[in-house]
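Asks: Sharing a model prediction with you, sequence too.
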Amino acid sequence: LMLAPLAHHTQPASAQEATPVPGAQTWQVQVNHVSPEGENWSFNTFYPDHLQVHPGDSIEFTLAPNQQALHTVHLLALGMNPMEFYGGFSGGFVQPDLSMPGGWERTYFGFQAGTPCGRAGQHTCVSIDVTDDISFGLASPVLVNAPPSGGEGNTSWITTIDANVRPGPYYIMSDVDGPTMLGRVDVVPFDQPVQSASELEAAAARQYEADLAWLAGHDRIDYPAQTSNPDGAKTWHVSAGGGGGAKPWLSINEFAPSEMVVIAGDTVTWTNNGPG
């Protein structure tokens, strides 16, 4: 593994006051989304998850009014992708013990706030500094909604792309969620066009509608699986959550079926079918 070339990664944005660029725009990206009434679904992604910007432009990331949402926005350095950052340079996952299949994996970070922050009654988290010997990019504070009972939340973060940044693809991810919650920001030269604000809004709406349709197609179990036992009792199989597959950022946080009638002596087995 050669680390030396990574020292040439360029910062995608600046945490300091940026020099204004004439004609610079501010683009809107939503973090997470809301479930339809009566559903309990998670949308751990960005809407839209792909946009084009010019150097000097700003991006405002705004958290959806979803009480389950808890994310960061990490704009990675040029040439670094989410799996590379999360699985290696940030410590990533504790590698699973192959002799113990199904064991827990936990996220590990080499940095943490000096005091509790980001929740009700606490101060807002400060930006994380991950620019030691290798530049990882720029990370936001924790984004979290204020609880319904009142208190402090932190629902938006804005960052300005440095006017001198090198054009190219810059990935965004959430340190909380790992590499499945990712998007991409393409920084293009000033003389090349980018999408309009209305086109970006329409792309986000299409992405959300597609995710809703996918979840609706997977959130239905009419006939739970069951097996008959030699003593005449049955074993019923219930799904504890669902999702994953082609869209690992989506999850169904529900039991399926949610209601059952069983006979005394039967067995019910719940299986976690949610995404990793």
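Replies: Done, it's in. Everything quoted here is computed from the prediction, not taken from an experiment.

Asks: Would you map the helices across the stretch 51-200 of the chain?
Replies: 82-84, 197-218 (DSSP state H, counting those that start in this stretch).

Asks: which one of these lies closest to residue 251?
Replies: helix 197-218 (8.7 Å; CB to CB). (Each C-beta comes from the backbone N, C-alpha and C, glycine too.)

Asks: Number of residues surrounding residue 211?
Replies: Residue 211: 18 surrounding residues under other CB atoms under 10 Å.

Asks: can you pull the contacts of it?
Replies: Residue 211 sits next to 33, 43, 45, 247, 250 when contact means CB atoms under 8 Å, 6 or more residues apart in numbering.

Asks: Just want the phi and psi numbers for the nearest residue to the second one once chain neighbours are set aside.
Replies: Which is residue 43. Using CB to CB, 6 or more residues apart in numbering and skipping the chain neighbours, the partner closest in space to residue 43 is residue 33 (3.9 Å). Torsion angles at residue 33 (phi, psi; degrees, to the nearest 10) stand at phi -150, psi -170.

Asks: on that earlier part again, and the helices of the stretch 51-200 of the chain, which is most packed in?
Replies: Among the helices of the stretch 51-200 of the chain, helix 82-84 has the highest mean neighbour count (mean count of other CB atoms under 10 Å), at a mean of 18.

Asks: counting contacts, what elements does that one pack onto?
Replies: Judged by 3 or more CB pairs under 8 Å, 6 or more residues apart in numbering; DSSP states H and E, helix 82-84 is in contact with strand 178-187.

Asks: buried residues in the strand it packs on?
Replies: Residues 178, 179, 180, 181, 182, 183, 184, 185, 187 are the ones in strand 178-187 that count as buried (16 or more other CB atoms under 10 Å).

Asks: Tell me how far the fifth one lies from residue 27.
Replies: Translated: residue 182. Noted for residue 182: a distance of 17 Å to residue 27, by CB to CB, to the nearest Å.

Asks: where are the low-confidence patches of the stretch 101-250 of the chain?
Replies: 101-136, 221-222 (pLDDT under 70).

Asks: mind listing the strands for it?
Replies: For the stretch 101-250 of the chain, the strands defined by DSSP state E, counting those that start in this stretch cover 137-139, 143-144, 156-161, 168-174, 178-187, 226-228, 234-244, 247-256.

Asks: Could you identify which of these is most buried?
Replies: Highest mean neighbour count among the strands of the stretch 101-250 of the chain (mean count of other CB under 10 Å): strand 143-144, a mean of 24.

Asks: dump the residue contacts of the nearest residue to residue 60 once chain neighbours are set aside.
Replies: Leaving aside its sequence neighbours, residue 60 sits nearest to residue 158 (CB to CB, 6+ apart; 4.4 Å). Applying CB under 8 Å, 6+ apart, we find residue 158 in contact with 26, 58, 59, 60, 61.

Asks: And the residue nearest the centre of this protein?
Replies: residue 181 (3.3 Å; CA atoms, centre = their mean).

Asks: Do I have it right that that one meets residue 174?
Replies: Yes. The criterion here is CB atoms under 8 Å, and residue 181 meets it with residue 174 at 4.3 Å.

Asks: So residue 212 versus residue 38, what's the distance?
Replies: 13 Å.

Asks: ugh, wrong one, residue 240
Replies: 19 Å.

Asks: ok, now which ones touch the nearest residue to residue 252 once chain neighbours are set aside?
Replies: Closest residue in space to residue 252, ignoring its immediate chain neighbours: residue 242 at 4.0 Å, by CB to CB, 6+ apart. For residue 242, the contacting residues are 218, 219, 251, 252, 254, 256, 273, 274, by CB under 8 Å, 6+ apart.
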